[in-house]
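J.: I'll drop the sequence and a predicted model, then ask my questions.
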Amino acid sequence: MKQDPISSESISAPQGKTVYPEPYASLVKGRQKRKLGEYFGLTNFGVNLTHLSPGAVSALAHSHSKQEEFILVLEGSPTLILGEEEFVLHPGDCYGFKAGTGIAHQLINRSEEKVTYLEVGDRTEGDEVEYPNDDLKATQLPNGEWAVTHKDGRAY
């Protein structure tokens, strides 16, 4: 399927859309994510253009069992939380998150300016996501959707 190039700004970007149940969903309300990869029908990896308003977080601190992620900061200065460490990033800075390490990561916009970054991740099947600071677990289902439960398996 051939498509003409378009401006990324023309791809819809729901504000704060997430699979998280409350009270976690409200934590990402300042995140706006354009799913560029889905727009173009990419199935092996995802590409998102993400904006964080001041005070917003990218996600809860998390680690993946199988899927890897990469970020490239385009605008602003987000704080990268990586395990117990914190790093202030700037435009042009990037980082890759290897699957299976158990090291949780998250971006937080502690600045007064908008943060924009490109996020790339693979879509390896059977992924599980651990959230060390929250009573949450995400398991990828065979159809690619996510089941989000308490850590003990109870539904929300």
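T.: Cool, the structure landed. Numbers count the residues shown, from 1 in each chain.

J.: could you list the low-pLDDT ranges of this structure?
T.: 1-2 (pLDDT under 70).

J.: and the closest residue to Ala59 other than its chain neighbours, how many neighbours?
T.: Leaving out its chain neighbours, the residue that sits closest to Ala59 by C-beta to C-beta, 6 or more residues apart in numbering is Gln106, at 5.9 Å. Where you see a C-beta, it was placed from the backbone N, CA and C, and this is true even at glycine. Counted with other C-beta atoms under 10 Å, the neighbours of Gln106 add up to 17.

J.: let me see the backbone angles for Glu38.
T.: Backbone torsions for Glu38, taken as degrees, to the nearest 10, come to phi -60, psi -40.

J.: which residues touch it?
T.: Gly46 (C-beta atoms under 8 Å, 6 or more residues apart in numbering).

J.: where do the helices sit along this protein?
T.: Assigned by DSSP state H, the helices in the chain fall at 36-39.

J.: contacts for stretch 149-156 next, please.
T.: With C-beta under 8 Å, 6+ apart, stretch 149-156 has contacts from 21, 135-137, 139, 148.

J.: mind listing what the spatially closest residue to Lys35 that is not a sequence neighbour touches?
T.: Computed as C-beta to C-beta, 6+ apart, the closest residue to Lys35 that is not its neighbour in sequence is Asn48, at 5.6 Å. Shown in contact with Asn48 (C-beta under 8 Å, 6+ apart): 33-37, 118-120.

J.: mind redoing it with 10 Å?
T.: Residues near Asn48 by C-beta atoms under 10 Å, 6 or more residues apart in numbering: 13, 33-38, 58, 69, 71, 117-121.

J.: go on, Leu141?
T.: 125-126, 147.

J.: who wins for neighbours among those?
T.: Highest neighbour count within the contacts of Leu141: Ala147, with 13 neighbours (other C-beta under 10 Å).
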